[in-house]
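**Student:** this is the structure alone, sequence omitted:
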């Protein structure tokens, strides 16, 4: 279950004056309604009271220290629940719905609630309002070393944007992949030492194929708050390879996370891949606690088999791939594999 902060923010980070917002943008409100309908929305008591009524067809969790605060009775799909801390609000949402990545908990304000959840959310859905109004309530700083803008849609008076986290390990910086990285990613896809063993899957067809692949990665980040990273050495920003997890739908409709990784051959053997895998599994736990993680490996790829087993994945099947070659299927439930 993803947790996403959703807010309309002015250029000076103002989001309101504690009672109201200093703009009226109908398309932003329409988008808020479309995204949050049938999901959970967490907000502080002041924000809830400023709206003046329960949000239709949503479950609103009101965070308040006031033990006497009473929620109105549910009306169909319109519910209001009460929590006395952020952690309690998130637990309430998760236990009431589940924990699959298709479900989203939206954080909807106010300023203190946004600030207290910045280290808990998986993405930021920000409408940037091209104004600099006065106001006493602000959205927290969006640190470009922590948050990566994966999408921006310009609409004249405002822009719709989406930010996802930049992840770090002891030595690595893991940046969501986009078409801006195409030259580095092509170093993987065009390296004969890599694709000679699996050319049908790795080797590029043409220049457009590279762009298409990275656009698909970007869509994955936008939809699931998780996909493949560009792996760089933190100390020097040197490109090392690509890796992460991608959410795919099986023929029976089930959804799983496919673990993928490929370092430049000259960068292998330094322990970078296990660092990346550990962070990828940690991130999967955050957005989908009931996830299955899978990895397809050629039988002769002893290094990848060792990495899969080290991560806690088990070999469950031998199968033929689309071109008739044998692959091993390794799999594990994210709640069971190594922490």
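**Tutor:** Done, it's in. Owing to the predicted nature of the structure, the values given are computational and were not obtained by experimental measurement.

**Student:** quick one: buried residues of stretch 281-301?
**Tutor:** 281, 283-289, 291-297, 301 (16 or more other C-beta atoms under 10 Å). Backbone N, C-alpha and C define where each C-beta goes, glycine included.

**Student:** again with stretch 168-185
**Tutor:** 169, 172, 173, 174, 175, 176, 177, 178, 181, 182, 184, 185.

**Student:** read off the pLDDT value for residue 195.
**Tutor:** With respect to pLDDT, residue 195 scores 69.

**Student:** with residue 337 instead?
**Tutor:** Value for residue 337, per-residue pLDDT: 82.

**Student:** my guess is residue 85 meets residue 63, correct?
**Tutor:** Yes - between residue 85 and residue 63 there is a contact at 6.9 Å, judged by C-beta atoms under 8 Å.

**Student:** between the two, which is the more surrounded one?
**Tutor:** Using other C-beta atoms under 10 Å as the criterion, residue 85 and residue 63 rank with residue 63 on top: 26 against 12.

**Student:** from the buried residues of stretch 168-185, which ones fall inside strands?
**Tutor:** Taking DSSP state E, the ones among the buried residues of stretch 168-185 that sit in strands are 172, 173, 174, 175, 176.

**Student:** show the pLDDT at the last one.
**Tutor:** The reference is to residue 176. For residue 176, the pLDDT comes out at 98.

**Student:** residue 256 too?
**Tutor:** 96.

**Student:** coming back round to it: and the two most separated of the buried residues of stretch 168-185?
**Tutor:** 169 and 182 (24.0 Å; C-beta to C-beta).

**Student:** pretty sure residue 32 contacts residue 6?
**Tutor:** Yes - between residue 32 and residue 6 there is a contact at 6.4 Å, judged by C-beta under 8 Å.

**Student:** for residue 39, what are phi and psi?
**Tutor:** The phi/psi pair for residue 39 (degrees, to the nearest 10) reads phi -120, psi 180.

**Student:** check contacts around it.
**Tutor:** Residue 39 sits next to 58, 59, 103, 104, 105, 106 when contact means C-beta atoms under 8 Å, 6 or more residues apart in numbering.

**Student:** name the residues of stretch 138-151 that are buried.
**Tutor:** Buried residues in stretch 138-151 (16+ other C-beta under 10 Å): 138, 139, 140, 142, 147, 148, 150, 151.

**Student:** now these in JSON lines, with pLDDT, secondary structure and distance to residue 271?
**Tutor:** JSON lines is the format used below for the buried residues of stretch 138-151 (pLDDT from 0 to 100; DSSP: H, G, I helix; E, B strand; the rest coil; distance: C-beta to C-beta, whole Å):
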{"residue": "138", "pLDDT": "96", "secondary structure": "strand", "distance to residue 271": "42"}
{"residue": "139", "pLDDT": "97", "secondary structure": "coil", "distance to residue 271": "38"}
{"residue": "140", "pLDDT": "98", "secondary structure": "coil", "distance to residue 271": "34"}
{"residue": "142", "pLDDT": "97", "secondary structure": "coil", "distance to residue 271": "32"}
{"residue": "147", "pLDDT": "98", "secondary structure": "strand", "distance to residue 271": "27"}
{"residue": "148", "pLDDT": "98", "secondary structure": "strand", "distance to residue 271": "25"}
{"residue": "150", "pLDDT": "97", "secondary structure": "strand", "distance to residue 271": "28"}
{"residue": "151", "pLDDT": "97", "secondary structure": "strand", "distance to residue 271": "33"}
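
**Student:** just give me the closest of those to residue 331.
**Tutor:** Nearest to residue 331 among the buried residues of stretch 138-151 is residue 150, at 28.2 Å by C-beta to C-beta.

**Student:** look up the closest residue to residue 250, ignoring the ones flanking it.
**Tutor:** Spatial nearest neighbour of residue 250, chain neighbours left out: residue 256 (6.3 Å); criterion: C-beta to C-beta, 6 or more residues apart in numbering.

**Student:** no no, residue 188
**Tutor:** Closest to residue 188 by C-beta to C-beta, 6+ apart is residue 262, at 5.3 Å.

**Student:** in strands, which of the buried residues of stretch 281-301 fall?
**Tutor:** Applying DSSP E to those, the entries found in strands are 292, 293, 294, 295, 296, 297.

**Student:** noted, bye for now.
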